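Q: What follows is a predicted structure for the sequence shown.
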Amino acid sequence: MIATSLAVLFTGNGISVTLLAKDEEKGRERYRTYYNDLIQRGLVTKEQAEHCEKLLSFTQDYSGISEQRVIFECIIEDLELKHCVYDEIERNCKSLLAIASTTSSISPIDLGKKMVQKEKIMATHPWSPPHLVPCVELVKNDFTAPESVKAVKDILEYCGREVAFMNKPAPGFIGNRLQHALYREAVYMIEQGICGPEDIDKTIRTSFGPRYTSIGLFEHFDYAGLDMVLSIEDYLFPTLSNAVKTQDYIRERVERGDLGCKTGEGVYNWKERDMDAFRNKASEPYLKFFNWKLPKV
Ligand SMILES: NC(=O)c1ccc[n+]([C@@H]2O[C@H](COP(=O)([O-])OP(=O)(O)OC[C@H]3O[C@@H](n4cnc5c(N)ncnc54)[C@H](O)[C@@H]3O)[C@@H](O)[C@H]2O)c1
């Protein structure tokens, strides 16, 4: 998913990509599905998509990426497997400059643990799908070489990505720390009988949610006044959730197999939902960020 979406982004901005993949047919099919979606939305023409696809090649063997200097590693979230892949890369790619892992959670310290060239590893956490969502969180270590960071940052910024830097690793990186703090409080309010999920979602969608697509959190609270922040928070903080593990409201659903959309039931019932309409609605806010350097064909 992430590898193909990044291939869509890079080729869409004129950068050649070699995908190391076991199944070329499946990879190409997904690549074309993403492009067809962009064509349907009027963001890319059929001719441009065909032109971009010429920049994509596949290999099943590490010898096929031996000339690559920058590698985005997008394999499943399994540290041991990632170590095996880095070992292959180090043995095969003689002019390696950087490995950027799209890991959702693993610290670059752990990623680089078995590497010989630890100075070349970093985490670049994208948001799905990375060809549409601009933010990438870049996490380096004390030992990550500045030239490796620069090479990855330059590619991402060339493709219009917004790179957010972390000075040191922290679980969940930036976005998921924030997102799960919000989710923990939302679940807490439901468990306390304060309100239901529909009213929480309505509040977010129609109050502060839209604000943060044009200004930042710190801009907003500076604008509101830090004296007001102080008086609200001293009163509010003692009443907020301080749960240190996933709350029962979620845990019970997982235990009985109600995993959300994919099983038809989660917090909401998904059985009657039009999923195409839902996916379109979910990606719509990101379309305004579409800023690729598409070929002029
Ligand atoms: N899906 C998301 O929303 C999302 C968002 C941000 C980051 N990520 C992270 O991106 C990475 C990839 O996630 P995904 O959702 O694209 O997973 P995915 O299951 O869609 O793709 C994983 C790919 O890894 C390949 N693979 C497995 N073992 C391999 C090996 N030994 N060598 C080479 N390839 C191998 C699989 O064939 C598959 O193509 C993970 O680290 C994940 O945590 C995912």
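A: Structure's in. What do you need? Here the structure is a predicted model, which means the values were calculated and not measured.
Q: Look up the residues forming beta bridges with residue 269.
A: Listed by DSSP bridges, the beta-bridge partners for residue 269 are residue 265.
Q: Look up how far the ligand lies from it.
A: Counting by C-beta to the nearest ligand atom, to the nearest Å, the gap from residue 269 to the ligand is 23 Å. Just so you know, the C-beta spots here come from the backbone N, C-alpha and C atoms, and that holds for glycine as well.
Q: Could you count how many residues lie near that residue?
A: 10 (other C-beta atoms under 10 Å).
Q: And the one 4 residues further on, by the same measure?
A: Burial measure for residue 273: 12 neighbouring residues, criterion other C-beta under 10 Å.
Q: which residues in the stretch 101-250 of the chain form helices?
A: Defined through DSSP state H, counting those that start in this stretch, the helices belonging to the stretch 101-250 of the chain, from first to last, are 108-111, 146-158, 175-191, 197-206, 217-224, 226-236, 248-255.
Q: What are the contacting residues of the first one?
A: To tie it back to what came earlier, the one meant is helix 108-111. 79, 82, 86, 101, 103, 121-123, 139-141, 144, 169 (C-beta atoms under 8 Å, 6 or more residues apart in numbering).
Q: measure residue 268 to residue 282 for me?
A: Between residue 268 and residue 282 the computed distance is 14 Å (C-beta to C-beta, to the nearest Å).
Q: Who are the contact partners of the residue nearest the centre of the chain?
A: Geometric centre of the chain, nearest residue: residue 127, 1.9 Å, by C-alpha atoms, centre = their mean. With contacts taken as C-beta under 8 Å, 6+ apart, residue 127 has the following neighbours: 133, 135, 136, 175.
Q: what's the nearest residue to the last one if we skip its chain neighbours?
A: Using C-beta to C-beta, 6 or more residues apart in numbering and skipping the chain neighbours, the partner closest in space to residue 175 is residue 137 (6.3 Å).
Q: Give me the number of neighbouring residues for the one you found.
A: For residue 137, using other C-beta under 10 Å, the count is 19.
Q: Then residue 150?
A: Using other C-beta under 10 Å as the criterion, residue 150 is surrounded by 12 other residues.
Q: so residue 145 touches residue 122, yeah?
A: No - Residue 145 is not in contact with residue 122 according to C-beta atoms under 8 Å; the separation is 9.4 Å.
Q: Neighbour count: the two, which is higher?
A: Taking neighbours as other C-beta under 10 Å, residue 145 and residue 122 compare with residue 122 leading, 24 against 18.
Q: From the ligand, how far out is the more buried one?
A: Residue 122 sits at a distance of 14 Å from the ligand (criterion: C-beta to the nearest ligand atom).
Q: can you pull the contacts of that residue?
A: Contacts here follow C-beta under 8 Å, 6+ apart; on that basis residue 122 touches 98-101, 108, 138-141, 144, 148-149, 152.
Q: Looking at pLDDT only, which of these scores worst?
A: Scanning those for pLDDT, the low point is residue 141. It has 85.
Q: leaving aside the residues next to it on the chain, what's closest to that residue?
A: When the adjacent residues along the chain are set aside, residue 141 lies closest to residue 108, with 5.0 Å between them (C-beta to C-beta, 6+ apart).
Q: The chain against the ligand: which residues are in contact?
A: Applying C-beta under 6 Å from any ligand atom, we find that the chain lies next to the ligand at 1-3, 22, 74-77, 81, 85, 102-104, 125-126, 128.
Q: Report the buried members of the residues you listed.
A: In these, burial by neighbour count holds for 2, 3, 74, 85, 102, 103, 125, 126, counting by 16 or more other C-beta atoms under 10 Å.
Q: Wait, a strand at residue 72?
A: Yes - the assignment for residue 72, made by DSSP: H, G, I helix; E, B strand; the rest coil, places it in a strand.
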